[in-house]
Structures are given as C-alpha cells and as structure tokens.
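Visitor: test case, fold it:
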Amino acid sequence: MVPDCDPTQITNLDEARQLIGQLLNLVEELKQENETLRGQVHAWREEVNRQKGVPGKPDIRAGKTKKRGDHSSEQERRQKRGRRKSSKVDKIEVQREERLCVERSQLPADAQFKGHEAVVVQEIDLKPNNVRFLKEKYYSTSQRRTWLAELPPGYAGEFGPGLRSLVLTLYYGSEVTEPKIVEFLQHLGILISEGQVSNLLIKAKENWHAEKEAIYQAGLESSSWQHIDDTATPVDGENQHCHVVCNPLSSAYFTRPAKDRLTVISILQNRAEPIYLLNDHTSTWLAQFATPQWAQRVMATWPQGQTLTQAEVDYLIQTDLERLNDQQQARIREAAALTAYYQQKDVPLVATLLSDDAPQFAHLTPHHALCWIHEGRHYKKLTPFVAYHRQLLQAFLQQFWDYYHALQAYRSHPSPQQAHRLSERFDALFSQQTGYDELDKRMAKTQAKKDRLLKVLQQPEIPLHNNPAELAVRRRVRKREISFGPRTADGVAAWDTFMTLAATAKQLGVSFYAYIYDRVAAVYALPSLADLIRQRAPAIHPVPVGKPA
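Guide: A predicted model of the protein is given here:
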C-alpha cells in the first residue's frame, strides 16, 4: 500500500506499475474529496453571509447551449443513418382550390396554354363565430308545463364546442398558460375570464376521465411489457409525484403523493389506494421480503381470501405488528397488495416492466428489464482527473456502446447461439480490471445487474432503453415549469387525464384538437383512442405471468 511504500525497495517493473496505479487512484480520490469540501465551504460561507445580512453573489448563469453536467448518451446511442427528407406538401389537406389567371393583355399572340402549376399555401381563419340561438318556447295552460327547444349537440353554457376544444388543446396540448389563453382569446374578441377558462379546463370532466381509464386498460392489454418512470409534481404548493406507464401505443399519467413501491402497485392495480389480499401466495412474498417468522404467524390469523382496504390493513398492523419498524411494515403491505394484484382479473397483468434501477420498481412483475441508457449515464458521470484514467474511461465507453449496438442487432435477428455469445461477451466486458478504481467499481455494479440488463436475450421484443417513459415525464416537467402545478383534486385529475389523451393521440397519429372537438361537439365520428390502440396492437407473444423474479 502507498503509506507503507519504500521507493528504495522497489526491485521490478511490476511493483512500480502497481505503486503508480495506487498513486493515480489516490490522486482521483483526493481530487474528488477536495471538490466536495470546496462545495461545502462555499455553502457554509453563503449561509454565514446570509445570517449576517450580507447580500450573496448573484446567481447568473452563462448562456451556454449545453447544460453543465450533461450526462446524455444520445450521441453514442444513435447510429448515423441516411435520411431522405419527405415532401410536406403531400401531407397537407386542401380545403379549397382557387384558379389564378394570367392577365391576357400581357400575353403575346403565340402564347399557348400549358396547364396549371399547383402551389399549396397553408392558411387559418381565426375570428369569432358567435351565435344567438332563438329557442322556441311553448306553454300549455291545461298541463301547466313549458316546452323549450334544446340547444344543438355540443353546446352548453356560454361557450361553443370549438372554443372549448381550443382552450383544452392550448392548455394541455400546447402547454399555454391560462392567462395567455385568456389574452389570446380576448385578442380575437372573445369575452372570457381566467375563472371561466379554469372551469373549462378542470370542471365536469367525468366522461374524459372514463376515456383515460379505457386508454390505460387498452394500453395494458396491447403489450406484454410497459415502460415506467416518475417525476416530481407540485400540487397546491406541496411536492407530489407524477408516474407514467407507457408503451409504443399509449401513455398514462398518474399523480400521487408518494413514489414508493406501494404507490406503484396501486397504479398497476389502477386504483387511488391499493387493495389487499391474504392467502397462501402472500407467504411467498413475505419470505422474499424477509419478514420475521413471528409476524408471519400473526398474519396467518388475519382474514384470509377476502379483499381488505387500506384502513383495515393499517388497523391490523397497528394492533398486532406495531413493534415492527416502518420498513418491515411497508414490506407487509406490499406483499398483501401484490397478492391482490396477481389474483384480480379487472386489470391486465404486466409481464415485464422496463425502468431505471430505482428500488420501488423491483419485485413487482415476473420480469424486470433495466434501461441501458440509464446504466450508461453512470459512466458518463465519472470525471477522472488523471489523463490516463480518462483514456481508460473513453476506451471502455467505446466498448460499452459497441456492445449496446450488438444487442440492438440481436433484437432484429435473435437466436440461441447469438444470445449465448452476447451473454459471455457481457461477462468479459464488465469483469475486466482496468486499474482505475472508480471505473472498476462501476463495472462490478453493472455486472450484478446482468439478468435485468440482458432480459432482451429472452424477450427480443422489448426495447433496450426507457426513453419513451423519460420523454413522457419530460412533458410533465415542461408543464409544471410553465403552469407550476394543479391546485385542486379536480385539477390533478384533469392534468392526468388530458396529458394521457394528448400523449396517446400523438403516438397514434391522431389530431388532439380534432379528437377533443369530436367529443365536445358530440359528433363521435372518430373512433376512441382505446379502440385504436386495440386495432394497432402489435402481435407480441404474451410472456407467461407468474411469480416475479
């Protein structure tokens, strides 16, 4: 070791190399420790100045195009491919055609007509279309009853279906704030207040919530695997969490107070609060979660084979298992909730969950696949100070992404022989020793995740990354940055429902505004998004659903 080293006793080149390697790793360790201490000292100084009333240094960020600490791997992940630019004109729907003539007086005598040259110009007509309905009214003296003509379908309140659809589209589809929507409509001559816009956005949305439920159900049915991710969401000033479950055909949003495993189970159950069940299968979960034997014996006396509510389970735990710590109590709730999830028939079971390696996603489904892009970020976060270590890291990253692209190629042409070769190549790649301690430790952690990172070798249909879920939660991030967050239960439900509709419509190639208008105007000419999901569901062989790995 370096502290006990006597340079005069070094007798061969191998000993010198070993010592130099230890010294270089020590330099990295001291450099990292120095950076950490610098940050702490700076924070303490800022706090002392704040306590003294001294104004701190203004937080002015340089106008850089790339954020500091950017650990994106998109450049390495994407392989360059030649792309042909498609014609935009062919995709434009033409509403009217107008013939333009050449001034005849400008033409010479021998000019011959050669047909027409088409030029497509996109235009939009934004103007009020206010209507005064004169509703016939009849009264019967004999029956003491009044008859009044009904408004056309889709008309209710002070605003017509076109305006109501536009408000929903601007807010949820284009992320325009409520004040800006009011300002935009007032520019067009519409008299509307922020309160009225707010009501149009969140009130009386029961039919839309039912559509969201149908989309989630169809999305779960359409694929044996699902992406999942979450992000913070403020609700009335308090931090909550937005969860997204998605696949190539649908994206569903759920805002909940927490992001623990029990919350994820409730989302898989499609319930605001999880339901619980105790039977013979529960003991398997309890054993996997290392629940004390005495607690398992106590639970055997609880009601078996019947659905229990959150309040009922809380009462049983507080009465009989209060001596267990919070983590042990949480595992008991999860075991009972998972038992209920696998026994119910209302919601399709997820066979494979694709996520990052956050602990709340483990032990939920029979198969759990990890995101390679997320794994690659761990290596991008390494910041070696020594040039030799930077070379080692760069060389390893090249090997990492070469292996990733080999897995992508395997998905197109899977075979048992190629799966075996890729498994062996994984071991060789992540078991190597470079001498750069931080890199070697990181590779050992990746090696420990082999089964979940190589789930694609048994299920070639699943993607290698969780980008769809991360892009879906990024939409919520943009929404919260623009509109901060919902303030009421109605607002939370509306955010989740319409973000589900907007994201799914985009995935299916459906105009969000056209779909909203079709429903608001009570036309129902467009098929439901849930039906479209079922029609377009790929022919994926279902993975048997059993006990999670």
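Visitor: what residue ranges in the stretch 51-200 of the chain score low on pLDDT?
Guide: 52, 54-86 (pLDDT under 70).
Visitor: please enumerate the helices of it.
Guide: Using DSSP state H, counting those that start in this stretch, the helices of the stretch 51-200 of the chain run over 74-77, 161-168, 178-187, 194-202.
Visitor: tilt between the longest one and helix 194-202?
Guide: Okay, so that is helix 178-187. Here helix 178-187 points in a direction 110 degrees away from that of helix 194-202 (axes from the mean of the first three to the mean of the last three C-alpha atoms, to 10 degrees).
Visitor: buried ones in helix 178-187?
Guide: For helix 178-187, a neighbour-count test (16 or more other C-beta atoms under 10 Å) marks Glu178, Ile181, Val182, Leu185 as buried. For the C-beta atoms, the positions are set from N, CA and C on the backbone; glycine is no exception.
Visitor: and it, how far out from the chain's middle?
Guide: 30 Å (C-alpha atoms, centre = their mean, to the nearest Å).
Visitor: name the helices or strands packed onto it?
Guide: Helix 178-187 is packed against helix 161-168, helix 194-202, with contacts defined by 3 or more C-beta pairs under 8 Å, 6 or more residues apart in numbering; DSSP states H and E.
Visitor: who touches it?
Guide: Helix 178-187 is contacted by residues Leu163, Val167, Leu170, Tyr171, Val176, Ile192, Ser193, Glu194, Val197, Ser198, Leu201, Ser483 when judged by C-beta atoms under 8 Å, 6 or more residues apart in numbering.
Visitor: can you lay out those as a markdown table showing neighbour count?
Guide: What follows is the contacts of helix 178-187, written out as a markdown table (neighbours: other C-beta atoms under 10 Å):
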| residue | neighbour count |
| --- | --- |
| Leu163 | 19 |
| Val167 | 27 |
| Leu170 | 20 |
| Tyr171 | 26 |
| Val176 | 17 |
| Ile192 | 17 |
| Ser193 | 10 |
| Glu194 | 13 |
| Val197 | 20 |
| Ser198 | 20 |
| Leu201 | 22 |
| Ser483 | 17 |
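Visitor: what about Ala232, which helix or strand?
Guide: Per DSSP states H and E, Ala232 falls inside strand 225-235.
Visitor: direction included, what does the very next helix or strand once past that strand pair against?
Guide: On the C-terminal side of strand 225-235, the closest following helix or strand by DSSP H and E is strand 238-247. Here strand 238-247 has these sheet partners by DSSP bridges: strand 225-235 (antiparallel), strand 250-256 (antiparallel).
Visitor: for Leu429, find the nearest of those.
Guide: Judged by C-beta to C-beta, the one of the strands paired with strand 238-247 that comes nearest to Leu429 is strand 225-235, at 24.9 Å.
Visitor: tell me the mean pLDDT for the closest one?
Guide: Mean pLDDT, strand 225-235: 95.
Visitor: now do the buried residues in that strand.
Guide: Judged by neighbour count using 16+ other C-beta under 10 Å, the buried positions of strand 225-235 are Trp225, Gln226, His227, Ile228, Asp229, Asp230, Thr231, Thr233, Val235.
Visitor: for the last one, what are its contacts?
Guide: Okay, so that is Val235. Applying C-beta under 8 Å, 6+ apart to Val235 gives the contacts Thr255, Gly485, Pro486, Arg487, Gly491, Val492.
Visitor: cool, and the first one?
Guide: With contacts defined as C-beta under 8 Å, 6+ apart, Trp225 is in contact with 247, 350-354, 367, 369, 459, 461-462, 540, 543.
Visitor: out of those residues, which are inside strands?
Guide: Asn247, Thr352, Leu353, Leu354, His367, Ala369 (DSSP state E).
Visitor: what about those residues, which one has the most neighbours?
Guide: The most crowded member of the ones in strands among the contacts of Trp225, judged by other C-beta atoms under 10 Å, is Leu354 (30 neighbours).
Visitor: which pLDDT value does the model give it?
Guide: Per-residue pLDDT puts Leu354 at 97.
Visitor: ditto for the one 10 residues further on
Guide: Here, the pLDDT recorded for Leu364 equals 93.
Visitor: what residue of this protein is the furthest out?
Guide: Ala109 (67.6 Å; C-alpha atoms, centre = their mean).
Visitor: burial count for Arg410?
Guide: Residue 410: Tyr, not Arg. If you count neighbours by other C-beta under 10 Å, Tyr410 ends up with 18.
Visitor: count of residues packed around the closest residue to it other than its chain neighbours?
Guide: Leaving out its chain neighbours, the residue that sits closest to Tyr410 by C-beta to C-beta, 6 or more residues apart in numbering is Gln418, at 5.6 Å. Look at Gln418: counted by other C-beta under 10 Å, it has 14 neighbours.
Visitor: report the central residue of the chain.
Guide: Geometric centre of the chain, nearest residue: Ala469, 3.1 Å, by C-alpha atoms, centre = their mean.
Visitor: quick one, phi psi at Lys445?
Guide: Backbone torsions of Lys445, given as degrees, to the nearest 10, read phi -70, psi -40.
Visitor: do you know the pLDDT at the closest residue to it other than its chain neighbours?
Guide: By the measure of C-beta to C-beta, 6+ apart, the closest residue to Lys445 outside its immediate chain neighbours is His378, 7.6 Å from it. Note on His378: pLDDT of 94.
Visitor: can you check Val27 too?
Guide: For Val27, pLDDT reads 73.
Visitor: ok, it - contacts?
Guide: Phe385, Val386.
Visitor: how far away is it from Arg442?
Guide: Per C-beta to C-beta, to the nearest Å, Val27 is found 18 Å from Arg442.
Visitor: please apply the same query to Gln40.
Guide: Remark: distance between Gln40 and Arg442 (C-beta to C-beta) = 24 Å.
Visitor: tell me which of those two has more neighbours.
Guide: Neighbour totals were compared for Gln40 and Arg442, and Arg442 leads with 19 against 10 (other C-beta under 10 Å).
Visitor: quickly list the domain ranges of this structure.
Guide: Here the domain parsing of the chain from automatic domain parsing is 206-364+489-536, 372-457.
Visitor: distance to Arg144 added to those, as a markdown table?
Guide: Output for the domains of the chain, formatted as a markdown table (distance: least, C-beta to C-beta, whole Å):
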| stretch | distance to Arg144 |
| --- | --- |
| domain 206-364+489-536 | 32 |
| domain 372-457 | 71 |
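Visitor: wait, which of those domains is closest to Ile20?
Guide: Nearest to Ile20, of all those, is domain 372-457, at 9.2 Å by C-beta to C-beta.
Visitor: quick one, which of the helices of the stretch 51-200 of the chain is nearest to Thr434?
Guide: Closest to Thr434 of the helices of the stretch 51-200 of the chain is helix 74-77 (C-beta to C-beta; 18.8 Å).
Visitor: just the mean pLDDT for stretch 509-523, thanks.
Guide: Mean predicted confidence for stretch 509-523 is 96.
Visitor: that one: end-to-end distance?
Guide: One end of stretch 509-523 to the other measures 20 Å (C-alpha to C-alpha, to the nearest Å).
Visitor: which residues are in contact with that stretch?
Guide: Contacts for stretch 509-523 (C-beta under 8 Å, 6+ apart): 153-154, 161-162, 164-166, 168-169, 172-173, 207-208, 211, 501-502, 505-506, 524-526, 529, 532.
Visitor: buried residues in that stretch?
Guide: For stretch 509-523, burial by neighbour count (16+ other C-beta under 10 Å) applies to Val510, Phe512, Tyr513, Tyr515, Ile516, Tyr517, Asp518, Arg519, Val520, Ala521.
Visitor: tell me the one of these nearest Gly21?
Guide: Of all those, Gly21 sits closest to Phe512, with 57.8 Å by C-beta to C-beta.
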